[in-house]
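Engineer: no sequence on this one, just coordinates:
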């Protein structure tokens, strides 16, 4: 079936005007500053895991506004230290048992890796309850006010996880990357925009990009929660307010701040993160080195061929190559 | 298509053993006592509504653990006071603009009526964030601990709304009823069990009944959130803990405490609130006067014929008849 | 998901050329004249209904070509007479128990209201059997000849119901409105075009508009019966004949005759009555005062916010305001 | 996927008690007598058809209560006369261009064949409009009264078509059979019960059998119209009346009158005409020679292997063999 | 629902550039030459079939590279010889019991007819196993190399079947046609391009046309196997190779070689063989006499009205009329 | 939603009578003997893969009857030799790029691992073309004769792959296991039955078990290909022959020969490999140590918790523990 969104030629040129509010930078400076004032309250507990050669831990620390952030931390025992580091973010509402198996796989590949759980979704508590009603899910929690919007916490936690990893004694703070798919891809890009720790971002079909168009064109998936919110709240002022809030979290608006090498995939029949929303963000990324891989016959799913590229980019920047720095 | 759940003869006899914990009564006594210690912080604001003969207000007060509860309050202007009262609870994730139109319709029928919004769902804030992860929706927020389970707040708010209405000067506190469908039906029955204010409960296909069977047999609807939680949390101990928590909120377990006349509908092809779960609760209701109306060809939907019965029961008990008291 | 039909800017300008036959006016003059020659054979029977303050009746009279038209008639007992009047038309194949509850709700709002059943659909007999075969449903009964097309009877009955109401002693004939949704919206507009009784028409997403385009673009709903008929009757001459017949009943062609204030809703994702078909009719309405409310995120369903507008327009024209006349 | 209805062993024994009213025979005697009083008003018009060796005609005559019955009549030109005859009945709402191609195919096989159109469905006019409302389709037209029920006309027309064919000069009145599938199978069996003209009935998965169970178990198809009617008419008295009416037309109740050899197919995964409803009728058939062929992996669809059997039975009785008479 | 592919005006003009390789003719010359070198190993066995006037046989012979080709052969016994001949090809994966009934029907219409089974699909063995993996189905067997691509065998077999029929003593080799629908339509056109035996081709919505566009626009059906192959083989070189292979078998590329009168149908809502792919081939057909019939409301299904045309064309060229030669 | 197949208590006891033919053992002895007579024609080619510490190769050798078997071979470079070995089989029609990433992951866990491609499915050629027609897919290729049935090749190849691995110099032939899910699980069990190389089998929801019941109860998935074959071949003799063939390949019949420790998962809502078919095989497994893990809320999908068990069993038997031998 034919791509439903835009033809590839148009996608490659698609760079809509940013719709950031003037105080976008100030908003994030204040946010991260507030996040850094939280005490760590860190807990790190070794657990059994039936694979040789890897140390696996359950990790917990305070996130933005006191939320308890849960994560897995795993590192290889047979590789020389300091180790390259990696933060892994997971997809929306898709965090079965914390994706522990995937976290361990990355450690087996030689990375000290943290898999962070998004607050509220499966393994961590959400500390910022929505002051107003919302639809089932997290997309519209606090959507009427950027100060309490759900992703303000999550984006901050994403940066905080990077900061935690960069201070591990076994980890080389100059060789840390971010990765993830869908929501995880969006978070990886947001973290690469909001923090200068990541030396590389390699992500699958990022979510949280160009909300305005996403709501219009995505035939399925969690962008639909926003639609449902707008159905339940018919007031045009609420609609404007919601989109204003989203502008602070739109990866498209944050993309110019990204400086690290960035690799992104996009499937032309992806119905959850339509390719035009991904290109909208990609074309605004500020990095000198960036690449997007387009898969004509793939949607929002595992794309085997892209995995090799992702492994390759990460290995090149974080393992092989100190030369890149 | 044939009823999928149990044949009618079996439904009529279906009265599974209660699975309440020994401290069920103590739990609710403590809960309501804590709720009553909250200050009211009430706000009542008149609004325009394009129907003659009815006063309509936006209502707000503090609920359990400080949540902001929002509601509509409407009363007829042409009827003699004190008025009969009615509390209306809404369905799960189904609270478009607060169902204001339906609230006004009840006022036109002669009732001082409050339509309460369930916290978090559309119009009120949820004050009890889940300390652990949960799936999209409200069913599993705090499900590992009855003290913080989502419905602890909602059930308390449901009683509190009754108490608010019973203290209105225009309202006769001895002629107050509860109504609602689906989640609203479950809340109406819970309120009738936990409070002695309601003189009658007339509800459509109540939700929140006999969770253990519901998870097994409901082919669709929000009981599935519990299934999803159990998929994401594979630990058998978590499963046991979740069902233990649910036992405190199972309308089946609360049903023996209901004393007011109770009228209930059940559709034999209802896939969201399977008839066996409704009968399980109904057959445990303690009221002297109770009735269940079975609709062979209806599911989880508007059942025209039952509306006449519901209107009739409410009118008989609350409007015509002081003789019943 | 994005509007599938036309972008809003195009909808607002969409005013296709009318395709009425030259004898359109003559056809309807003859039709209504024949209808007025029918004797009334009226029966009006009071019934019990469990709401205080309203008198409810079952109404029956002869319609076009002798059909038995059934209806509900309800009026408020506490309001001063003469009362404003309202005729309510129902949706296609959607007339459960005659929508009696909705009829009573309108009476509670202060209107003497008649809810007419469309012949054949649920509560009335169809007196004009199709001389040729047709597909399941009513859309293609008699479609090869305007003289016996199904809606010739229904449109006539719609006018006749208005005439009945206007002659009620309790009703002010100068304050009568029409309302309804989908088929009911189409009938309300048709009645406002064919009769000068209505002082206002307030309708949800009208059906029966711009058949030619509707058959092409509606992905679901009863316009599909016409498609099915054209599949079963492959003769191009039959296709031409069918569309010729439909031209006499196309609300788009009747719209210029509407003079009363008209309020219409359209949902941009409505798949049963595509927005372009509604705008096609709306843009041809002859009234000085008209308005269309567009709901970007709604389809063919209850739209809460529009109800306030509808109540407001009817109240302003029929209840508050003799000043409008 | 496994048979959903009853296991084969139970089907073979399934012979529910008949639920005919005492006046069943009288009802049909009166009906057929009234039918025979109609004048024929026959029209037979030769048409072009691009196959050599067959004469094809459009046929029209008056049916029960004056309906215009349309049909195709085709006969082979190369076979010796008198010819064996066959009446073909079509499926419900499935009469594209009168199935002319199929009628011609039977003529090519050597039969003088009439393909009758069911009144109202596609090619004939329905003369008995329902005095009450009904749902889209024909199943509930007049369902509250056997005198005017839709199938009273159709069954009568089915017999009348047989009588027409039996009087053709080219046809041997002692070698006429009936065939059809689904509704056509039900009509063929009804005709074989109500007329002694048919010498053989060979039918695919007959519809119109054991309505009471069909409404309960059929997951799809037109039995659902009855369910829908009972949803729209919630009065239990109406339900009883509807099933009383249906008892006069239930092929199960007519089956004992069938005396001709009868061959029937049943698919075990048929969801429109569940196998238990077919066996219920089959096991009551009065013929000395009867057979049912069961197809485990087939539903309501073309079953290639059964066609050979059907052709074989018809050929044996009507073509090869006068010996059978 | 509206045509989804291209508007009719564009379809009529749609004639994309051919993408044949320079050696297309050489490829097919070599292929047919190799096919003709196979020994026949013919077996022809009379079978019982319950219709008078037709002789029916099971036919088997060696096809391209030694495959066993199975077929039905039927001819009328009452018509004068030599008979006109017809080869019937079946749809993809749709060959229940060899479509024997349909083959016999054509014999009854006066043709000596062969219904060939496509190798591997249901009734014949595939002699050319794919040297590489493929997805379920036949579309991608050998797709990386034209020499072993599945349809190289099938197209050759299609021609060979024609050659077999043309040598039957009862058959007039100058009055042979080809017919079929979907895959059968594609094969009939391919055979008419690769062989000069066919005097007419009359086909329904041919498959195997304009693969490049088909993969892009077909929402359903077996073109999707190619998409799936390209998903499983992400290498761009494999994609190029696959489309290169397909170019040898694209009926669009073969169409200029067709010289016989050709009649084709296309349904505007056909989702398996999109109308643009059919027009792409049709507009390249080299025949002096050709016609395409467009059915606006039909998809990939039986189109009654087209059958008359098809019968008519075949009869005109093969039966009535030697005058055409 | 409730388990659809059998309640857990019944599953645990479900041990249907085996339906093996008397010559089952002889059949497999002859098969493996023939397989061992094939020359190896092995090719092993190192490839680049972007992970440090693992050597990755493309492997190819001759399989049963000369098929080219393709596979990936990967082994860890940092672990002491001889290494434990593992053979990984993939799911049906699910072999994207040969699952290379998964193969490498197992090597990272310390195993010398071969991921074999099933012939014809994606990466290997099928050397045994079906002598008769079959439906799309592999399930019915050669199904009328055990000698040429598709899985005769695949099962033999599965054993051959084990034999290849056991002869690697870096591999300890006494510490080799088998794993896989769905078809891969069935192949792992078959290999453990037909070869004494495997010291452990740890599999997810095995396919290819208890065909007779599977065809009856599986609502979805490739067992349906058998149903489709039986629809296309209506002859009861063909049905008997097909099930006779399948008996030679039914993992249930082979299960008594399994002696190695075996771990199996079963999801109670699995619709592709119904739990009863898995228990039917499991309860016949001959091993002293065996375990089945039941997942009430899971279907045919990744089950996180089971992965820990699977990793643990393999590690215990193959890595930790020579003590088990």
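Structural biologist: On my side now, so go ahead. Given the structure is predicted, the values throughout are model-derived calculations rather than measurements.

Engineer: Point me to the helix or strand that includes whatever residue of the stretch 201-325 of chain A ends up closest to chain E.
Structural biologist: Nearest to chain E, among the residues of the stretch 201-325 of chain A, is residue A:305, at 3.6 Å (C-beta to the nearest C-beta). Bear in mind the C-beta positions are built from the backbone N, C-alpha and C, glycine included. Under the criterion DSSP states H and E, the helix or strand holding residue A:305 is helix A:304-314.

Engineer: Now the residue of the stretch 201-325 of chain A found nearest chain C: closest residue in space that isn't a chain neighbour?
Structural biologist: As assessed by C-beta to the nearest C-beta, chain C sits closest to residue A:234 within the stretch 201-325 of chain A, at 3.6 Å. The shortest distance from residue A:234 to any residue that is not its chain neighbour, by C-beta to C-beta, 6 or more residues apart in numbering or on different chains, is 3.6 Å, and that residue is residue C:305.

Engineer: ok, the one you found - contacts?
Structural biologist: Contacts for residue C:305 (C-beta atoms under 8 Å, 6 or more residues apart in numbering or on different chains) come out as A:234, A:235, B:97, C:295.

Engineer: tell me which of the residues you listed is nearest to chain D?
Structural biologist: Relative to chain D, the closest of those is residue C:295; by C-beta to the nearest C-beta it sits at 27.5 Å.

Engineer: so that closest one makes contact with residue C:304?
Structural biologist: No - using C-beta atoms under 8 Å, residue C:295 and residue C:304 do not qualify as a contacting pair, with a distance of 10.0 Å.

Engineer: on contacts alone, who are the packing partners of the helix or strand of chain A at the bottom of the mean pLDDT ranking?
Structural biologist: Between all helices and strands in chain A, the lowest mean by mean pLDDT, DSSP states H and E belongs to helix A:223-232, at a mean of 92. Counting contacts by 3 or more C-beta pairs under 8 Å, 6 or more residues apart in numbering or on different chains; DSSP states H and E, helix A:223-232 packs against helix A:211-217, helix A:236-247.

Engineer: Turn the ones you listed into a markdown table, columns for mean pLDDT.
Structural biologist: What follows is those, written out as a markdown table (pLDDT from 0 to 100):
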| stretch | mean pLDDT |
| --- | --- |
| helix A:211-217 | 95 |
| helix A:236-247 | 96 |
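
Engineer: can you tell me how far the closest residue to residue A:311 other than its chain neighbours sits from residue F:150?
Structural biologist: In space, and not counting its chain neighbours, residue A:311 is closest to residue F:50: 4.2 Å by C-beta to C-beta, 6+ apart. With distances taken as C-beta to C-beta, to the nearest Å, residue F:50 is found 35 Å from residue F:150.

Engineer: Looking at those two, which is more packed in?
Structural biologist: The residue with the greater number of neighbours, taking residue F:50 and residue F:150 and applying other C-beta atoms under 10 Å in any protein chain shown, is residue F:150; the counts read 24 against 19.

Engineer: List the contacts of the more buried one.
Structural biologist: With the criterion set at C-beta under 8 Å, 6+ apart, residue F:150 makes contact with F:120, F:126, F:128, F:130, F:138, F:139, F:141, F:142, F:143.

Engineer: State the distance from the nearest residue to the last one once chain neighbours are set aside to residue B:158.
Structural biologist: When you say that, I think you mean residue F:143. Taking C-beta to C-beta, 6+ apart, and ignoring the residues beside it in sequence, residue F:143 has residue F:242 as its nearest neighbour in space, at 4.8 Å. As judged by C-beta to C-beta, residue F:242 and residue B:158 stand 61 Å apart.

Engineer: ditto for residue A:9
Structural biologist: 58 Å.

Engineer: So for the two, which sits in the more crowded spot?
Structural biologist: With other C-beta under 10 Å as the criterion, residue A:9 and residue B:158 differ in neighbour count, and residue B:158 comes out ahead with 29 against 8.

Engineer: Spell out which parts of the stretch 101-250 of chain A neighbour chain C.
Structural biologist: A:216, A:217, A:218, A:219, A:224, A:227, A:230, A:231, A:234, A:235 (C-beta under 8 Å from any C-beta of the partner chain).

Engineer: Now residue A:75. Nearest residue, chain neighbours left out?
Structural biologist: For residue A:75, the nearest residue in space outside its immediate sequence neighbours is residue A:112; the separation is 4.0 Å by C-beta to C-beta, 6+ apart.

Engineer: So what does that neighbour have for phi and psi?
Structural biologist: phi -80, psi 110 (degrees, to the nearest 10).

Engineer: ditto for the one 3 residues further on
Structural biologist: According to degrees, to the nearest 10, the main-chain angles of residue A:115 amount to phi -100, psi 110.

Engineer: Residues in a beta bridge with it, which ones?
Structural biologist: Beta-bridge pairing of residue A:115 under DSSP bridges involves residue A:72, residue A:88.

Engineer: wait, isn't it in contact with residue A:99?
Structural biologist: Yes - proximity of residue A:115 to residue A:99 meets the contact threshold set by C-beta under 8 Å, at 5.6 Å.

Engineer: neighbour-wise, which of these two wins?
Structural biologist: Shown here are residue A:115 and residue A:99; by other C-beta under 10 Å, residue A:115 has more neighbours (29 against 23).
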